[in-house]
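# Starting from these lines, generate the structure:
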Amino acid sequence: MAAMVLSTQGAALFLPRDIDPNLCTRLSYAFAGKNNHQLRSLEWNDKILYQVFNSLKKMDSCSPLLTLSVPTPSSLPGNPASWSGDRGQFSHISCLFRNLKLKTLLAIGGWNFGTQKFIEIVVANHRQIVDSAVKFLHTYGFDSLDLDWEHPGSQGSPAVDEERLTALVQGFAKAFQQEASTGMERLLLSTAVPGRQGYVDTDYEADKITHLDFINLMAYDFHGSWERVSPLFKRGESNAATKFNVDAAVQLWLQKGTPANTLILGMSTCGRSFTLASLSDTGVEAPARPCVPGPFTEEGGTAYYEVCSWKREHRIGDQKVPYISQDNQWVGFDAVESFKAKVSYLKQKELGALVWALDLDDVVGSFRTGPIPLIQALWRELSLPVPSGSPEPGVLAPSHPFEPKRSPSLGKDSFCQGKSNGLYPTPQNLSSYYGCAGGQQFQQSCPPGMVFSASCECCTWK
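Coordinates of the predicted model:
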């Protein structure tokens, strides 16, 4: 699953037309809002982009996507399409990839949504917001609703909101099930949850929100904008910080009864940035103050494409994550290798994977690693067989490991005999590749329109 936030402008503009939906099973559009207990769009062009976004699961050729009359703004961010001045016509002709099995989600909430609006929702009659959401999802072609309340029972929300959130989840689930009983496909329901135990213990009735199809674990930013990295494991701390890592967050939700097959591990394509107090001290706990905003994100959350060209990358070995510095700027982030480590972990735990967010990856491949290198790494690693044993602390081997289809085309694993574990181009077929693991051979295919590149071990555009 991957999410996208439509807010970036200029050279970093990323729109639904730029998505390859074959790299995901679900795509989330963030965010929607609400007004008077009615679900509503937030941005002036959201309703246009909803149509393009949901066309990713039903378009099968190059065609005019839409020509709609909309208000013509005085200035446009970037160059998303052609505009015809006074007529206010928006026209867009594009060749979209498509994935007919794709499910699309609409997320409501987020940090900027605030607490008060969710309080208004849970204290009112749920029927209004539930009926509004069902109608809204069907009108614009979404398959699922994602509730992103950060966080009930805190941030100015009373403790009773923990129970109110449970009731809201139950209200949505009941309505979705009732509609499905009429023969319609059931709408899906999910929520975003934190990884920090202080929030989980006081803000969520984890054993009662079992009506959710998925629980999206935000296993990043364990504190907030001051958090340095999103470590996979602890560093050996002997204080509360031992629980501020991916493994501890996953174990917490599993121990509270969350089924592994509904827990989705969130990974981020953005990092946290800081300004170092001294150029002579650039380590993990170096004194620092707020960062210089990124050139495109313009905030403390720095996109991967803003730092992937920097040179001074370091790895925190026991936590399986990197950090990087340039001049007096310090960024804790995830890179390809830390994504690989986290994917190996989640596969052994039999969890799902979520990326926040698509548009923060290096979407154009500016730095010779191929386009969307983090998403590609995630997709590629999920395609490989589950490693045997438990090489990392806290990792349990699954009872039913995922295993891609073995390729019979070259006889009994003849291609991978004598080769190191890894990915290799297939002879005479640029759009597929072999994964070799322990001498065994697994054939995989790139998404339509892409070819395998041995230089980056990734699928790239033709």
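# So for the chain, the centremost residue is which one?
Nearest residue to the geometric centre of the chain (C-alpha atoms, centre = their mean): residue 355, 2.0 Å.
# For it, give me the pLDDT.
Looking at residue 355, its pLDDT reads 93.
# got a list of contacts for the helix or strand hosting it?
Per DSSP states H and E, residue 355 falls inside strand 352-356. Contacting residues not belonging to strand 352-356 are listed as 1-3, 214, 216-218, 220, 261-270, 343, 346, 361, 374-375, 378, 382 [C-beta atoms under 8 Å, 6 or more residues apart in numbering]. For glycine as for every other residue, the C-beta is placed from the backbone atoms N, C-alpha and C.
# Could you give the bridge partners of residue 432?
With DSSP bridges applied, residue 432 shows beta-bridge pairing to residue 445.
# from what I can see it touches residue 415, true?
No. If you go by C-beta atoms under 8 Å, residue 432 and residue 415 don't touch, sitting 11.9 Å apart.
# Got phi/psi on the closest residue to residue 341 other than its chain neighbours?
Spatial nearest neighbour of residue 341, chain neighbours left out: residue 320 (4.2 Å); criterion: C-beta to C-beta, 6 or more residues apart in numbering. For residue 320, the backbone dihedrals (degrees, to the nearest 10) come out as phi 60, psi 30.
# ok, so what distance separates residue 320 from residue 259?
Here the criterion is C-beta to C-beta, to the nearest Å. By it, residue 320 lies 25 Å from residue 259.
# which of the two has more neighbours?
residue 320 (23 against 11; other C-beta atoms under 10 Å).
# Looks like the more buried one contacts residue 339 (just checking).
No. Here residue 320 does not reach residue 339: they are 10.0 Å apart, not a contact under C-beta under 8 Å.
# So which of the contacts of strand 352-356 belong to strands?
Of the positions in those, 2-3, 214, 216-218, 263-268, 270 sit in strands, assigned by DSSP state E.
# possible to save the residues you listed as TSV with pLDDT?
What follows is the ones in strands among the contacts of strand 352-356, written out as TSV (pLDDT from 0 to 100):
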residue	pLDDT
2	58
3	59
214	95
216	96
217	95
218	92
263	96
264	96
265	95
266	93
267	92
268	90
270	85
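# so how far is stretch 20-38 off the chain centroid?
11 Å (C-alpha atoms, centre = their mean, to the nearest Å).
# in it, what's buried?
Judged by neighbour count (16 or more other C-beta atoms under 10 Å), stretch 20-38 contains these buried residues: 20-24, 26-34, 37.
# Next, residue 289: secondary structure please.
strand (DSSP: H, G, I helix; E, B strand; the rest coil).
# Secondary structure element holding the closest residue to it other than its chain neighbours?
The shortest distance from residue 289 to any non-neighbouring residue, by C-beta to C-beta, 6+ apart, is to residue 275 (5.1 Å). Using DSSP H and E, residue 275 falls within strand 270-276.
# That strand - contacts with which helices or strands?
Contacts defined by 3 or more C-beta pairs under 8 Å, 6 or more residues apart in numbering; DSSP states H and E place strand 270-276 against strand 288-290, strand 301-303, helix 304-307, strand 329-332.
# closest one to residue 153 among the ones you listed?
Nearest to residue 153 among these is strand 301-303; the distance by C-beta to C-beta comes to 24.7 Å.
# Tell me how many other residues surround residue 126.
20.
# Identify the residues contacting the residue nearest to it when sequence neighbours are not counted.
Leaving out its chain neighbours, the residue that sits closest to residue 126 by C-beta to C-beta, 6+ apart is residue 171, at 4.0 Å. Residues near residue 171 by C-beta under 8 Å, 6+ apart: 126-127, 130.
# distance of residue 171 from residue 271?
Using C-beta to C-beta, residue 171 is found at 37 Å from residue 271.
# And for residue 308?
10 Å.
# same thing with residue 249?
18 Å.
# neighbour count winner among those two?
residue 271 (29 against 26).
# partner residues bridging the more buried one?
With DSSP bridges as the rule, residue 271 is bridged to residue 302.
# And the strand holding residue 355, what's buried?
Buried residues in strand 352-356 (16+ other C-beta under 10 Å): 352-356.
# Stretch 291-298 now?
Neighbour-count burial for stretch 291-298 [16+ other C-beta under 10 Å]: 291, 294, 296-297.
# and if you look at stretch 128-141?
So for stretch 128-141, counting by 16+ other C-beta under 10 Å, buried means 129-130, 132-134, 136-137, 140.
# of all those residues, which comes closest to residue 164?
residue 129 (12.3 Å).
# Off-centre distance for the helix or strand containing that closest one?
Using DSSP H and E, residue 129 sits in helix 126-140. Offset of helix 126-140 from its chain centre (C-alpha atoms, centre = their mean): 24 Å.
# again with stretch 106-113
Counting by C-alpha atoms, centre = their mean, stretch 106-113 comes out at 14 Å from the chain centroid.
# hmm, who's touching that stretch?
Residues contacting stretch 106-113 (C-beta under 8 Å, 6+ apart): 3, 28-34, 39, 118, 133, 136-137, 140, 142, 144-150, 192.
# What is the linear distance spanned by it between its boundary residues?
14 Å (C-alpha to C-alpha, to the nearest Å).
# so for it, what's the average pLDDT?
pLDDT averaged over stretch 106-113 gives 91.
# quick one: buried residues of that stretch?
For stretch 106-113, by 16+ other C-beta under 10 Å, it's 106-110, 113.
# if we can go back for a sec, quick one: the residue nearest to residue 289 from residue 316, how far?
Taking C-beta to C-beta, one finds residue 275 at 20 Å from residue 316.
# neighbour-wise, which of the two wins?
More neighbours surround residue 316 than the other of residue 275 and residue 316, with 19 against 13 (other C-beta under 10 Å).
# ok, now how distant is the more buried one from residue 252?
Residue 316 sits 22 Å away from residue 252, taking C-beta to C-beta as the criterion.
# and residue 208, what element?
Using DSSP H and E, residue 208 falls outside every helix and strand.
# Quick check: it touching residue 166?
Yes. Residue 208 is within contact range of residue 166, at 4.8 Å (criterion: C-beta under 8 Å).
# Comparing these two, which shows the higher neighbour count?
Counted by other C-beta under 10 Å, residue 208 and residue 166 do not tie: residue 166 has more neighbours, with 20 against 15.
# what sits against residue 145?
Per C-beta under 8 Å, 6+ apart, neighbours of residue 145: 105-108, 133, 137, 172, 187-190.
# one more time with 7 Å, if that's ok
When contacts are counted by C-beta atoms under 7 Å, 6 or more residues apart in numbering, residue 145 touches 106, 108, 133, 137, 172, 187, 189.
# again with residue 351
Counted by C-beta under 7 Å, 6+ apart, residue 351 has contacts 250, 260, 263-265.
# 8 Å instead, please
Residue 351 touches 250, 260-261, 263-265, counting by C-beta under 8 Å, 6+ apart.
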